[in-house]
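**Q** pasting a predicted model and its sequence here:
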Amino acid sequence: MSRTVTKAIFPVAGLGTRFLPATKSIPKEIMTLVDRPLIQYAIDEARAAGIEEFIFVTSRGKGALEDYFDHAHELESSLKKSGKNDLLDILRETNMDSGAIAYVRQHKALGLGHAVWCARRLLQDEPVAVVLTDDVIMGEPPCLQQMIEAYQETGGTMVATMEVPTEKTKSYGVLDVAEDMGAIVRARGMVEKPKENPPSNLAVIGRYILAPTVMENLNKLKQGAGGEIQLTDAIADEIEAGRDVFGLRFRGQRFDCGSKAGFLQATVAFGLARDELKDEFGDYLADVMSMRKAAE
């Protein structure tokens with residue numbers, strides 16, 4: 001089987017209720033970090049990893065997300081006439097070629113595994129990446145590129161992992177490690193949100209490369225934690241069947257932009273990473289911290 005990964009699934013059907021009232025009118029995925037929506041960070045990461053076809057699993061009310069990738073002809077024409085070529089280049093980076101994006105609907109919120117399963121008819125017998133837009137990762141090279149490079153050596157199924165405090169493992173899928181090879185670990189099991197006695201502190205975060213057999217496992221539509229169809233369960237089935245599952249300790253910093261605190265942390269980190277913002281923004285943050293310490 002080929003180890004070339006050219007397709008990626010982006011599950012974006014969630015309601016984003018933690019960000020109400022903002023998400024009453026806009027999809028969470030186009031909320032912005034600095035000046036780019038969350039979905040743009042995910043797309044840029046996928047492109048850097050060689051992804052050519054983008055599959056969005058959406059739901060009702062996501063029209064603005066779909067429109068985001070259309071060509072804005074009037075705006076492009078206006079920028080061109082005004083000679084604002086730098087802005088025109090930025091705008092063109094958001095455009096997607098005709099046919100590069102496909103949209104499928106998830107009509108019921110039945111879990112991440114179900115969302116991935118909804119894309120099954122757009123796949124052949126091939127590996128596929130899954131990118132969760134809530135997890136924004138600052139890394140070089142980008143996280144998915146690191147994973148694909150590792151996957152080309154290992155095959156099987158691969159998940160991105162990071163070490164978390166033991167008391168926080170109950171919020172993640174957690175790897176049971178059979179062999180620790182440094183950056184890469186071989187898993188002998190996966191547990192979704194363990195309430196106690198986690199098998200390790202290696203948490204699975206929102207990047208996956210799935211072997212075709214994972215989709216076959218999802219065909220069972222087996223309910224797991226929370227009554228939902230869990231992707232981690234379908235990956236754990238791979239291990240039970242004697243097929244390889246690996247975790248990659250990626251190099252980079254992950255921000256949970258599904259939470260308000262994580263979104264704010266990411267805004268600060270990406271703001272400070274911008275040459276045109278870091279001095280003014282950094283000075284402001286230093287002043288804020290000074291005032292906070294003085295108040296204590």
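**A** Sure, I can see it.

**Q** just the helices in this protein please.
**A** Assigned by DSSP state H, the helices in the chain fall at 38-48, 63-68, 73-81, 85-93, 112-117, 143-154, 212-218, 231-240, 260-272, 278-295.

**Q** deepest-packed of those helices, please.
**A** helix 112-117 (a mean of 24; mean count of other C-beta atoms under 10 Å). Glycine gets a C-beta too; all of them are placed from N, C-alpha and C.

**Q** so what does that helix touch, helix or strand wise?
**A** strand 7-11, helix 212-218, helix 231-240 (3 or more C-beta pairs under 8 Å, 6 or more residues apart in numbering; DSSP states H and E).

**Q** and that helix, how far out from the chain middle?
**A** Helix 112-117 sits 14 Å away from the centroid of its parent chain (C-alpha atoms, centre = their mean, to the nearest Å).

**Q** in PDB, list the C-alpha atoms belonging to it.
**A** Output of helix 112-117 as PDB, limited to C-alpha atoms (Å, rounded to 0.1, in the frame of the first residue of the first chain):
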ATOM      1  CA  LEU A 112     -15.300  12.500  16.000                       C
ATOM      2  CA  GLY A 113     -15.200   8.900  14.700                       C
ATOM      3  CA  HIS A 114     -18.600   9.500  13.100                       C
ATOM      4  CA  ALA A 115     -17.400  12.700  11.500                       C
ATOM      5  CA  VAL A 116     -14.400  11.000   9.900                       C
ATOM      6  CA  TRP A 117     -16.600   8.100   8.800                       C
END
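
**Q** need the contact list for G139.
**A** Q146, F250, R251, G252, Q253 (C-beta atoms under 8 Å, 6 or more residues apart in numbering).

**Q** actually E53, not the one I wrote
**A** By C-beta under 8 Å, 6+ apart, the contact set of E53 is T6, K7, A8, A100, A102.

**Q** gap between the third one and G113?
**A** What that stands for is A8. Distance, A8 to G113, using C-beta to C-beta, to the nearest Å: 17 Å.

**Q** ditto for G247
**A** Counting by C-beta to C-beta, the gap from G247 to G113 is 18 Å.

**Q** and for K195?
**A** Distance from K195 to G113, counting by C-beta to C-beta: 20 Å.

**Q** check R254 too.
**A** Distance of R254 to G113, given as C-beta to C-beta: 21 Å.

**Q** repeat that for A203.
**A** Counting by C-beta to C-beta - A203 and G113 are separated by 17 Å.

**Q** got it, and R92?
**A** R92 is 36 Å from G113, where distance means C-beta to C-beta.

**Q** relative to G173, which of the helices of the chain is closest?
**A** helix 231-240 (3.9 Å; C-beta to C-beta).

**Q** show me what the closest one packs onto, helices and strands only.
**A** Helix 231-240 packs on helix 112-117, strand 157-163, strand 184-192, strand 202-210, helix 212-218, strand 245-249, going by 3+ C-beta pairs under 8 Å, 6+ apart.

**Q** put together a markdown table for the ones you listed, with distance to L123 and mean pLDDT on each row.
**A** Converted to a markdown table, the helices and strands packed on helix 231-240 look like this (distance: least, C-beta to C-beta, whole Å; pLDDT from 0 to 100):
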| stretch | distance to L123 | mean pLDDT |
| --- | --- | --- |
| helix 112-117 | 10 | 91 |
| strand 157-163 | 14 | 94 |
| strand 184-192 | 22 | 89 |
| strand 202-210 | 9 | 94 |
| helix 212-218 | 7 | 91 |
| strand 245-249 | 19 | 95 |
